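**Student:** coords please:
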Amino acid sequence: MRSFFNRMIRAAQLDKKLYEEVEADKGSLGQAMMVVILSSLAAGIGTFGDSLERMVIGTVTALFGWFVWSGLIYLIGAKLLPEPQTEADYGQLLRTVGFSSTPGLIRILGLFPWVGGGVVFLGASIWMMAAMVVAAKQALDYRSMLRAVGVCAIGWIIQISILIGVFIMLERAGRSG
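**Tutor:** Below you'll find the model as predicted:
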């Protein structure tokens, strides 16, 4: 357990060696999933602390988003925009991207109105994006940080579009059913 928390701290510190470590450690997928779940729960509690249903929906949405975004980063970064030395598989991206969710744990502070939930969520989002870029750069063996930023930004825009589309379809299905 100590190793798990140590990895989370290092991930939040944007330690590129940590991202290389989890990229190579096929056994760390469960830990990466736990980071995503904890980060998602922190967001759910920080936003919807009074509704168990919303917290569950937020957690499921975040897990779905993790799979989609990591898949997009894999597709865009390893297949469409690779560098000559890029060598990666989807599992590597799932593990590194999972740990890049660590900064999202601070979103639980949104539960306290005096903290300023909007500021906390904005800060967590920026920090998580920075961690995502480091994770993608390491997992895709990029030399260029700018390429990693581009791949993450493109993937994020597509992921958000997909999530919005899913929510619109679910809302329409809920109204008609």
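**Student:** which strands and helices lie in contact with the longest helix seen in the chain?
**Tutor:** Secondary structure of the chain per DSSP state H: the longest helix is helix 145-176. Applying 3 or more CB pairs under 8 Å, 6 or more residues apart in numbering; DSSP states H and E, we find helix 145-176 packed against helix 52-74, helix 117-139. Where C-beta positions appear, they are placed from N, C-alpha and C, glycine not excepted.
**Student:** now do the first one against helix 117-139, angle only.
**Tutor:** Calculated by axes from the mean of the first three to the mean of the last three CA atoms, to 10 degrees, helix 52-74 forms an angle of 30 degrees with helix 117-139.
**Student:** going forward can the numbers begin at 24, since that is how I track them
**Tutor:** Right, with 24 as the first residue, what we last looked at is helix 75-97.
**Student:** which positions within helix 75-97 qualify as buried?
**Tutor:** By 16 or more other CB atoms under 10 Å, the buried positions in helix 75-97 come out as 78, 81-82, 84-85, 88-89, 91-97.
**Student:** just checking, what packs against the helix or strand following it?
**Tutor:** Using DSSP states H and E, the helix or strand that follows helix 75-97 towards the C-terminus is helix 113-122. Packed against helix 113-122, as judged by 3+ CB pairs under 8 Å, 6+ apart, are the following elements: helix 25-35, helix 39-47, helix 52-71, helix 75-97, helix 140-162.
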